[in-house]
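A.B. asks: My questions concern the predicted model and sequence given below.
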Amino acid sequence: MEQVTYWIVRFLNADTLPVAVAYPRSTEHVSGIARICHKWKVPIIPFSGGSSVEGHVSAPFGGVSIDFAYMDRIVKVNKEDMDVVVRPSVCWTDLNQELAKQGTGLWFPIDPVLADGSVVKTRRRPRKCSAGYNLNGLIVGSEGTLRIVTEATLKLAAVPDHFSVAVVPFDDLRGAVSAAADIIRRGVQVAAVELMDETQMRLVSEGGATRPRVWKETPTLFLKFSGTKGPVDDNIKTVREIMKPYGPLAFEFARDEHEQKMPWSARKESLYSLLAMREDGEEMWNTDVAVPLSRLADIIEDSKAHAASLGLKACVKGHIGDSNFHENITYNKADPKEAEKAKIAVKTMVKRALEIEGTCAG
C-alpha cells in the first residue's frame, strides 16, 4: 500500500460520498461489518492507502467505506521462509524499512472476508502451490469488489547486490518510446523502464519536489538495472547500443544512492506536481490504457495530438516496460463545452486502444 490519501481526496472529485465510514481494527470487525451490509444490501467500499487515481475507492452508490487506517501492522516476518504477514494498511515504504534489516525485498499471496462476512484463506504458505483455483489472482484483480483482504502473506526475494539508474532524454516522444520498445523486444534484463514527456518533466522541475535537480524539458526515459555487477554492466552496455539509432541526447547515470532515488522521486511526484499546479476550477482526468508494444508510440502520439487539437492541456507518462501509459488531461469542469471535449478525448483514446487489440485499463 502507498499512502497518498491527502491528494486522492482532492483528486477524485466524486459526485457522491459514502453514507458512513467504518474503522475496523481486526478481521472480526470487518466480518461483522460485512455481515450487516450483506443483510441490508448496503454497498461496501474497502479503502486502504487511496493510491488508486481512477475512482476505485469512490462511492457511486453511497454505502459504507471500510477504512483500514488502524489495520497497519506488520504481523510477522518469517526470515527463513522468505515471507511476511501484513495487515492491509501497511505502507510499502514502512515494510521495506523493516525488511532492510533482513536484507530482503518483496513480492506478493492473501486472507479475505467474503461479502456475507465469512473469513477464508486463499492458499497455503509454500512458495509454489498448484492446488485448486488461483484465487489470489482473482481477488487481487477484483480490486475489492469480490472480497475484502484483511491480511496478506507476501513472498520476499533477496535484495540485488548491485543497482544502477539511468536518465535518458530524447528529442522527441517517438524516439523515446521506440527505444524502450526495442530494449524490451530484445529481452534485455531491465528492472524498470518509465517514460515522462516534456510537459511532465517541466512541471516536476517547477514543482520543486526534486530540488536542486532541474530536468531537461524533453521526453525522458528512466531505467533501472539490478543484479550482480557483471551482468548489470553488460546490460547497460547493450542498452546503450540499442538506443543509439533513436537519438538519445544523453545517458546520465546516478553517482550515489541519493541520485539513484532522484529519478524515481521525479516519476512519483509527477502526478502531485500536476495536481498542485492546476488553476482555479480545473480538474484532471487521468487515463490508463495499454496496447501491443508495436503500437505504443502511435497511440501516444495520436492521443496527445488529438487532445491538443481540442484545445486541451495534456501530458503523458508511462510504464513502458508494461506497454502501458497514462494521459493526464486538464480541463475546466464548470465549462460544459470543455468538459465534453475532455470526454471526447478520453473516449477516442480508449476506442483507439481497443481497435488495436489493447485494453481500456492497464
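C.D. replies: Everything's here; your move. Fair warning: this is a prediction, and the values are worked out from it, not measured in the lab.

A.B. asks: For the stretch 101-250 of the chain, which segments are assigned as helices?
C.D. replies: 135-141, 173-185, 198-207, 229-243 (DSSP state H, counting those that start in this stretch).

A.B. asks: for these, which one sits closest to Gly318?
C.D. replies: Gly318 sits nearest to helix 173-185 of all the helices of the stretch 101-250 of the chain, at 7.8 Å, using Cβ to Cβ. For every residue, glycine as well, the C-beta is placed using N, CA and C.

A.B. asks: So for the closest one, what gets flagged as buried?
C.D. replies: Residues of helix 173-185 classed as buried by neighbour count (16 or more other Cβ atoms under 10 Å): 173-184.

A.B. asks: nearest to Asp288, of those residues?
C.D. replies: Val177 (16.5 Å).

A.B. asks: my guess is that closest one meets Leu195, correct?
C.D. replies: Yes. Counting by Cβ atoms under 8 Å, Leu195 is a contact partner of Val177 at 6.6 Å.

A.B. asks: Look up the residues that both of the two are in contact with.
C.D. replies: Common contact partners of Val177 and Leu195 (Cβ atoms under 8 Å, 6 or more residues apart in numbering): 318, 320.

A.B. asks: Got the domain ranges for this protein?
C.D. replies: What automatic domain parsing lists as the domains of the chain is 5-67, 74-158, 162-276, 282-355.

A.B. asks: follow-up on the earlier one: I'd like the buried residues of helix 173-185 laid out as a markdown table, including pLDDT and distance to Glu80.
C.D. replies: Conversion of those to a markdown table gives the following (pLDDT from 0 to 100; distance: Cβ to Cβ, whole Å):
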| residue | pLDDT | distance to Glu80 |
| --- | --- | --- |
| Leu173 | 94 | 48 |
| Arg174 | 95 | 49 |
| Gly175 | 96 | 48 |
| Ala176 | 96 | 44 |
| Val177 | 95 | 44 |
| Ser178 | 95 | 46 |
| Ala179 | 96 | 43 |
| Ala180 | 95 | 39 |
| Ala181 | 94 | 41 |
| Asp182 | 95 | 42 |
| Ile183 | 95 | 37 |
| Ile184 | 93 | 36 |
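
A.B. asks: chain center to stretch 325-337: distance?
C.D. replies: Distance of stretch 325-337 from its chain centroid, counting by Cα atoms, centre = their mean, to the nearest Å, is 20 Å.

A.B. asks: ugh, wrong one, I meant stretch 275-290
C.D. replies: 16 Å.

A.B. asks: which non-adjacent residue is nearest Arg352?
C.D. replies: Ile299 (5.5 Å; Cβ to Cβ, 6 or more residues apart in numbering).

A.B. asks: and if you look at Pro88?
C.D. replies: That would be Phe68: by Cβ to Cβ, 6+ apart, it lies 4.7 Å from Pro88.

A.B. asks: my guess is that neighbour meets Cys91, correct?
C.D. replies: No. Shown here, Phe68 and Cys91 do not form a contact pair, counting by Cβ under 8 Å, at 11.4 Å.

A.B. asks: hey, least reliable of the domains of the chain by pLDDT?
C.D. replies: Per-segment mean pLDDT for those reaches its minimum on domain 74-158, at a mean of 76.

A.B. asks: mind checking the end-to-end distance for it?
C.D. replies: Here the two ends of domain 74-158 are set 19 Å apart, with distance taken as Cα to Cα, to the nearest Å.

A.B. asks: same deal with stretch 21-34?
C.D. replies: Start-to-end, stretch 21-34 (Cα to Cα) is 13 Å.
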